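S.K.: Requesting a structural model of the entry that follows:
(one chain, ligands or ions: 1)
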Amino acid sequence: MSMLTATSITKHFGGLTAVKDVSINFEKGSITAVIGPNGAGKTTFFNMITGIYSPDGGEIHLDQKPITGLKPNFIAEKGIARTFQNIRLFKEMSVLENVMVGMHTHLKAGFLGTLFSTPKVRSEEEQARYDAYSLLEYVGLADWVNHQAKNLPYGAQRKLEIARALATHPKVLLLDEPAAGMNPKETTELTDLILQIRDDKQITVILIEHDMKLVMRISEQIYVLDHGQLIAQGLPEEIRNNPNVIEAYLGKSAISV
Ligand SMILES: Nc1ncnc2c1ncn2[C@@H]1O[C@H](COP(=O)(O)OP(=O)(O)OP(=O)(O)O)[C@@H](O)[C@H]1O
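M.R.: Predicted coordinates for the structure are as follows:
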């Protein structure tokens, strides 16, 4: 079953076409990678899906419903969460608070409730605290809950971003270069975590990533962008051996990955 569909989406920045006529269908519960050289249009593609940019052409559907051009907060509420290429945490806040922030779209007590701290607000807050802790335990950060986010090792900060994204109960999780800057041990842990998220929660995972070992290991489908256009799609094995992809991006050395 299709969970997210981009149909012929295009984005121009002045005279530059960053994404041109790209169509991709993401199946429910699948793990898909979008790869390609620097400047290929991968992040722009993510930015259109998450509502940061409105496409200049084409349509996007989530769970068969149109979401094209909706504002990011609406798209988040409808079930798309993301992490960023450059980590975006509230650095002075605790690890637990960072995840609780991710939950706020789901809390029901309104502004007045928050102002007067009614019993309903207090119980919601307690539940949020408990859920945030559970999520941190799930991603392997239980020992860090009370630390300031800025004091976490790099790999743990990336995991915290994932926990915060999961706090919104997404149907689709977009990961923008989740392994960037990670050491091999952290990358292996991340690989296991992504697989676990999909298996346990049936979340549709889409990742942009330059670490080809990770990409080849976990992706069921791979899409390759170059100069804003889709130049290939297929199974990891097919992509690894595709002459156009080797030429545009992977290089000959990739064959041994
Ligand atoms: N806001 C913007 N204004 C103007 N040009 C932009 C903007 N965002 C992206 N671009 C341009 O669009 C093209 C695609 O950029 P994009 O960041 O989507 O590529 P990418 O594949 O994510 O690259 P990388 O792997 O380096 O992150 C690039 O030429 C980039 O300079």
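
S.K.: So what's the residue count around the one residue in the stretch 51-200 of the chain that gets nearest to the ligand?
M.R.: Residue nearest to the ligand within the stretch 51-200 of the chain (C-beta to the nearest ligand atom): residue 85, separated by 6.0 Å. Backbone N, C-alpha and C define where each C-beta goes, glycine included. If you count neighbours by other C-beta atoms under 10 Å, residue 85 ends up with 14.

S.K.: Now it: phi and psi?
M.R.: The phi and psi values for residue 85, taken as degrees, to the nearest 10, are phi -60, psi -50.

S.K.: Can you verify my assumption that it contacts residue 179?
M.R.: No. If you go by C-beta atoms under 8 Å, residue 85 and residue 179 don't touch, sitting 11.2 Å apart.

S.K.: and the stretch 51-200 of the chain, which residues reach the ligand?
M.R.: Proximity of the stretch 51-200 of the chain to the ligand, by C-beta under 6 Å from any ligand atom, involves residues residue 85.

S.K.: try 8 Å
M.R.: With C-beta under 8 Å from any ligand atom as the criterion, the stretch 51-200 of the chain meets the ligand at residues 53, 85, 176-177.

S.K.: Show the buried residues in these.
M.R.: By neighbour count, with 16 or more other C-beta atoms under 10 Å, these hold 53, 176-177 as buried.

S.K.: any chance of those in CSV, with secondary structure and pLDDT too?
M.R.: Output for those, formatted as CSV (DSSP: H, G, I helix; E, B strand; the rest coil; pLDDT from 0 to 100):
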residue, secondary structure, pLDDT
53, coil, 97
176, strand, 95
177, coil, 94
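
S.K.: Widest-spaced pair of the residues of the stretch 51-200 of the chain next to the ligand?
M.R.: Largest separation among those by C-beta to C-beta: 53 and 177, giving 18.2 Å.

S.K.: Now do the contacts for the nearest residue to residue 84 once chain neighbours are set aside.
M.R.: Spatial nearest neighbour of residue 84, excluding adjacent residues (C-beta to C-beta, 6 or more residues apart in numbering): residue 176 at 5.6 Å. Residue 176 sits next to 42-43, 46, 82-85, 207-208 when contact means C-beta atoms under 8 Å, 6 or more residues apart in numbering.
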